[in-house]
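K.L.:
Sequence and predicted structure below; questions after.
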Amino acid sequence: MEKLKREHFECIKEDNSEEEHDKQCKRSKIVFDQFFKSQKNKGLTERTAGKRTDMTAYFIMDYFFVYDDSESILEVNGDTIRTFLENWYIRKFMKPKITEIKSFLISISNFFTFLQSRDFVSKDELREIKEVCKDIPWFEMRLKTYFEVHDDDFYEWLQEYNYDFC
């Protein structure tokens, strides 16, 4: 299997066209394939490893490379994850669920643990990501308050971790 290189983590998309999405998928495929293999090697079933890989790929390909101005997956931090799950996901999905948010958090945490084991992210960067991924009460509160806030309070809710201003 080909060795992972920093270039495999880079965002090449500029206009988010379908053609660029396909090029990005081809470039990033090795990252997700190796993550999947690492999850299987840890004893996860093919189904669970596939779900975690798919959720991570969705986070990177459909959120991060589209809405964030960063140039590499390796630039993901705690605020990126919060913006994705505490604002974007809640607003974009028809029926956002805390169980799905938790699955995303586990998948993202495992993905960055995998990257740290390959020396692509530092222990400090991983620690920050893991702390955010463990903050379940915060994610529960954000989901609950989304459906409860109105008027000016809703505007303020939107502004916290607003992906429109990444």
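P.N.:
Perfect, thanks for sending it. Predicted, not measured: the structure shown is a model, and the values here were computed from it.

K.L.:
By mean pLDDT, point me to the weakest helix or strand of the chain.
P.N.:
Using mean pLDDT, DSSP states H and E, helix 151-159 stands out as the lowest-scoring helix or strand of the chain, at a mean of 81.

K.L.:
What distance do you get for Ile98 to Val149?
P.N.:
Computed as Cβ to Cβ, to the nearest Å, the Ile98 to Val149 distance reads 17 Å. C-beta coordinates here come from the backbone N, C-alpha and C atoms, glycine included.

K.L.:
hang on, Arg6 packs against Ile73?
P.N.:
No - applying Cβ atoms under 8 Å as the test, Arg6 and Ile73 come out as separate, 9.8 Å apart.

K.L.:
Give me the more crowded residue out of these two.
P.N.:
Using other Cβ atoms under 10 Å, the more surrounded residue of Arg6 and Ile73 is Ile73, with 25 against 10.

K.L.:
got a list of what the residue nearest to that one when sequence neighbours are not counted touches?
P.N.:
Excluding its sequence neighbours, the residue lying closest to Ile73 (Cβ to Cβ, 6 or more residues apart in numbering) is Phe9, at 4.1 Å. By Cβ atoms under 8 Å, 6 or more residues apart in numbering, the contact list for Phe9 reads Ser28, Val31, Ser72, Ile73, Leu74, Phe120.

K.L.:
just to revisit the earlier point, got the contact list for the least confident helix or strand of the chain?
P.N.:
Helix 151-159 has contacts (Cβ under 8 Å, 6+ apart) with Asn87, Thr145, Tyr146, Val149.
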